[in-house]
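> Provided below are the primary sequence and the corresponding predicted coordinates.
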Amino acid sequence: MPASRPRVVVVVTGSELARGDRRDLNGPFLARELTQLGLEPERILLVGDRPEPLQAVLAEAVEADLCVVSGGLGPTHDDRTVELLARALGRSLEVDESLAREIEAFSQAVAARLRRPLSEFASGIRKQASLPAGGLSLGLAGSAPAILVEHAEGKVAIALPGPPAELQRLWPNAVAHPAFQELLRRASAPERRSLRFFGPSESAVAAALEESGGDGDGVEATVCARDLEIHVDVMVSPGGEERGGELVAALQSAFPNDLFARDDERPIEEMVLGLCRSRGLLLACAESCTGGLISARLTEVAGSSDVFVGGVVAYANRVKETTLGLPAEILAKHGAVSAETAAAMAAGARRALGAGIAIADTGIAGPGGGTPEKPVGLVYLGVDGPEGARTARFELSGDRETIRARATALALHMLRRTLTHSGTDPRETAS
């Protein structure tokens, strides 16, 4: 890394995050945004609201060329970020009267809506309008401002509100500031080449990466398992283009049948919907062991209603028979957890919901209900579409939540393979 490249540290504050009561969304968002701009964070520090540890973390973070802090900008006693940031910078706190008027105007509207006197908000208004000396407001999200302070020969400290929607709304204001733009001029955003595999293990991909020469010569590669997919990100710095191309080509060659996306960040459910759309097919599903998780993944995508017509959670056998038209003799002969039942569920969903293609699942998610013949983790999938029917058998490991999540991912990828005619899993059979 060139010596002139700015050092970046992200600090995420909040005792509820440190305790694990809530999941941090700000750290990952800021890391992605900064990396795309060429300012990859060297550290992301998560700290609670107690003053001593927060003071220590901020004192360390402001030594970086860019320190970005989220949270602790509100009006309450435990919102200490601005006060402690000022102390870390050796600055006093000063009330910005113009900012105070902005916050007061917002507070007046809130007070009127809640039918409360404005006096209840007075102390919070002055507190939130207090900035480190020399700092400035980058705008409001609610009553909390984003704050930028230039210090120590071009270094920049930025404080953003904790609620993710507010932080993301004000983030562009920080990026647009001339001091931030000056840092960008010192950085060089690496080119990112991404590969996504479905099938090989994380260790197999890592071994192939090592065999092809691994990192170096202006290239940094990371391997990450996500929802049964293996994601490889190849970050190429200026001068490393040839080496980056060699590395990507080697990985493609190692797993030619398992690479399903290159430089495509869309989630698998969005890909499946796009494939259905391009082929003019309506999609339906029938779920047993996943309990609606496939439908949830599909309907998380905006605009999915033009493709996804609906799903049936057929948990009880009588629902499989009455709603999906599953013949009773199939259940009697093969049982609810079987390839035959999965195939009949998919055909029933396709017929009942008027779809062009349908996916179904049935299995034993545990922790109980397994037998030596049909253990916990056994899952059958069925697809019924224009080219016929296909089923697959999987034995999954993990707890109930993990098995259900993995079955959902497998179902979506089975749909993808069917729609793209891109081969089958060895565990799949067609009829």
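Good, I have the coordinates. As the structure is a computational prediction, the values presented were derived from the model and not from experiment.

> ok, now which ones touch the residue lying closest to G382 once chain neighbours are set aside?
Distance criterion CB to CB, 6 or more residues apart in numbering; nearest residue to G382, sequence neighbours excluded, is A342 at 3.4 Å. Bear in mind the C-beta positions are built from the backbone N, C-alpha and C, glycine included. Taking CB atoms under 8 Å, 6 or more residues apart in numbering as the criterion, A342 is in contact with 360-362, 380-382, 391.

> got a winner among these for most neighbours?
Within those, A360 tops the neighbour count with 34 neighbours, counted by other CB atoms under 10 Å.

> Quick check: that one is in a helix.
No - under DSSP: H, G, I helix; E, B strand; the rest coil, A360 sits outside any helix and is assigned strand.

> Hmm, it is touching E287, no?
Yes - between A360 and E287 there is a contact under CB atoms under 8 Å: 7.2 Å.

> So in the chain, which helix runs the longest?
helix 400-420 (DSSP state H).

> right, and the helix or strand after that helix?
Elements were assigned by DSSP states H and E; along the chain past helix 400-420, the next helix or strand is strand 428-430.

> Sheet partners, orientation included, of that next one?
strand 388-395 (antiparallel) (DSSP bridges).

> and A105, how many neighbours?
12.

> rewinding a little: check the offset of the longest helix of the chain from the chain's centre.
18 Å (CA atoms, centre = their mean, to the nearest Å).

> cool, and stretch 391-401?
23 Å.

> which of the residues in that stretch are buried?
By 16 or more other CB atoms under 10 Å, the buried positions in stretch 391-401 come out as 391-394, 396.

> which residues of the protein score low on pLDDT?
Scanning the chain for pLDDT under 70 picks out 1-4, 423-424, 426, 431.

> returning to what we had before: what are the buried residues along the longest helix of the chain?
Those would be 403-419, for helix 400-420 by 16+ other CB under 10 Å.

> cool, and stretch 73-90?
Buried residues in stretch 73-90 (16+ other CB under 10 Å): 73-75, 79-89.

> Repeat that for stretch 176-183.
Neighbour count says stretch 176-183 has 177, 179-180, 183 buried, by 16+ other CB under 10 Å.

> List the contacts of the nearest residue to G348 once chain neighbours are set aside.
Once flanking residues are discounted, G348 sits nearest to L324: 3.1 Å by CB to CB, 6+ apart. Shown in contact with L324 (CB under 8 Å, 6+ apart): 286, 312, 314, 344-345, 348-349, 352.

> Quick one: buried ones out of those residues?
For these, a neighbour count by 16+ other CB under 10 Å gives the buried set as 286, 312, 314, 344-345, 348-349, 352.

> Okay, and the residue lying farthest from the centre of the chain sits in which element?
When each C-alpha in the chain is compared with the mean C-alpha position (CA atoms, centre = their mean), E329 comes out farthest, at 43.5 Å. Applying DSSP H and E as the criterion places E329 in helix 328-334.

> Tell me what angle the helix or strand just after that helix forms with strand 388-395.
Where DSSP H and E defines the elements, the next helix or strand beyond helix 328-334 is helix 339-353. Angle, helix 339-353 to strand 388-395, by axes from the mean of the first three to the mean of the last three CA atoms, to 10 degrees: 130 degrees.

> can you give me how far helix 339-353 is from the chain middle?
The answer for helix 339-353 is 32 Å, by CA atoms, centre = their mean.

> do the same with stretch 358-375
How far stretch 358-375 lies from its chain's middle: 28 Å, per CA atoms, centre = their mean.

> mind checking the end-to-end distance for that stretch?
26 Å (CA to CA, to the nearest Å).

> Give me the buried positions along it.
For stretch 358-375, by 16+ other CB under 10 Å, it's 358-366, 374.

> Which pair in those has the greatest spatial separation?
Using CB to CB, the buried residues of stretch 358-375 span at most 25.8 Å, a distance reached by A358 and G366.

> tell me the strands in the stretch 251-400 of the chain, going along the chain?
Remark: strands assigned in the stretch 251-400 of the chain by DSSP state E, counting those that start in this stretch are 259-262, 283-287, 308-313, 357-363, 378-385, 388-395.

> Could you work out the end-to-end span of stretch 176-194 for me?
First-to-last residue span, stretch 176-194, CA to CA: 28 Å.

> which outside residues touch that stretch?
2, 4-6, 36-40, 65-66, 138, 148, 150, 154, 156, 158, 174-175, 220, 231-238, 241, 244, 248, 261-265.

> Looking at these, which are in helices?
36, 174-175, 241, 244, 248.

> Farthest-apart pair in those, please.
Among these, A174 and V248 lie farthest apart (CB to CB), at 33.2 Å.

> And A105, how far from P75?
15 Å (CB to CB, to the nearest Å).

> whoops, A409 was the one
43 Å.

> what's the neighbour count on the closest residue to Q168 other than its chain neighbours?
In space, and not counting its chain neighbours, Q168 is closest to F29: 6.5 Å by CB to CB, 6+ apart. Residues contacting F29 under the criterion other CB under 10 Å number 16.

> Secondary structure of F29: a strand, I assume?
No - assignment of F29 by three-state DSSP gives helix, placing it outside any strand.

> these two touch, right, it and L167?
Yes - with contact defined as CB under 8 Å, F29 counts as touching L167 (7.2 Å).

> rewinding a little: output the buried ones among the contacts of L324 as JSON lines; include the columns distance to M271.
As requested, these are exported to JSON lines (distance: CB to CB, whole Å):
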{"residue": "A286", "distance to M271": "21"}
{"residue": "V312", "distance to M271": "23"}
{"residue": "A314", "distance to M271": "26"}
{"residue": "A344", "distance to M271": "27"}
{"residue": "M345", "distance to M271": "23"}
{"residue": "G348", "distance to M271": "25"}
{"residue": "A349", "distance to M271": "21"}
{"residue": "A352", "distance to M271": "25"}
